[in-house]
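Student: what follows is a predicted protein model with its sequence.
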Amino acid sequence: MSIVSTLIDKARQRAGIASDSALATQFGVHRQAVSKWRNGDAYPDEEHIAEMAIMAGDDPVQWLVAIKAVRADGKAGKAWAALAQRLAITAMALCLAVGFSLPHKAQAAMPAGFDVAPSIHYAQYCIGLLQPSSAPLGNGSGSGSALAFLLVPPTRTSSQHDHD
């Protein structure tokens, strides 16, 4: 499959165009022109390449350079191919740079970041309550948390012993 055929298919799919004939009508060219583009017998002009790239949701520059590289022969073709490769490498490097920089941005957007987990605070709080120097829990004074209350049985006061 040629690169132009790939672009035609992608543009038609994204734009919801049912056939090459409908694409030709939209561009104001004969159906045979689109057929020649697809078969590699002819190439679309730069305006049609750019329009199909936009329809496909892609950057027209990348498609223009790639198709120009395929069309050109000799030293010019090699130069266009090298330019297309450089653009692809640059785009990949840019994507990687953005991808590596995002976790820091996402972490900065969170109030406490990813390093602070609430479960650690509950565990530290409960461990502190279990130490002998802690105040007794369950005495009705409202001290302690519900989680700590479940971990430590309530202590009975003298008034509670009298009612038993």
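Tutor: Structure's in. What do you need? Residues are numbered from 1 along each chain as shown.
Student: secondary structure class for residue 10?
Tutor: helix (DSSP: H, G, I helix; E, B strand; the rest coil).
Student: who are the contact partners of it?
Tutor: Contact partners of residue 10, counting by Cβ atoms under 8 Å, 6 or more residues apart in numbering, are 52, 56, 58. Placement of C-beta: from N, CA and C, glycine included.
Student: check residue 94 too.
Tutor: Per Cβ under 8 Å, 6+ apart, neighbours of residue 94: none.
Student: helix, strand or coil for it?
Tutor: helix.
Student: ok, now how distant is residue 55 from residue 74?
Tutor: The gap separating residue 55 from residue 74 is 32 Å, by Cβ to Cβ, to the nearest Å.
Student: when those two are compared, which one has more neighbours?
Tutor: residue 55 (20 against 7; other Cβ atoms under 10 Å).
Student: isn't the more buried one up against residue 15?
Tutor: Yes - here residue 55 reaches residue 15: they are 4.4 Å apart, a contact under Cβ atoms under 8 Å.
Student: ok, the contacts of residue 10 vs residue 21, which is closest?
Tutor: Nearest to residue 21 among the contacts of residue 10: residue 52, at 15.3 Å, using Cβ to Cβ.
Student: in which helix or strand does the closest one reside?
Tutor: helix 46-56 (DSSP states H and E).
Student: same for that helix, what does it pack against?
Tutor: Helix 46-56 sits against helix 3-15, helix 60-71, with contacts defined as 3 or more Cβ pairs under 8 Å, 6 or more residues apart in numbering; DSSP states H and E.
Student: perfect, I'm done here.
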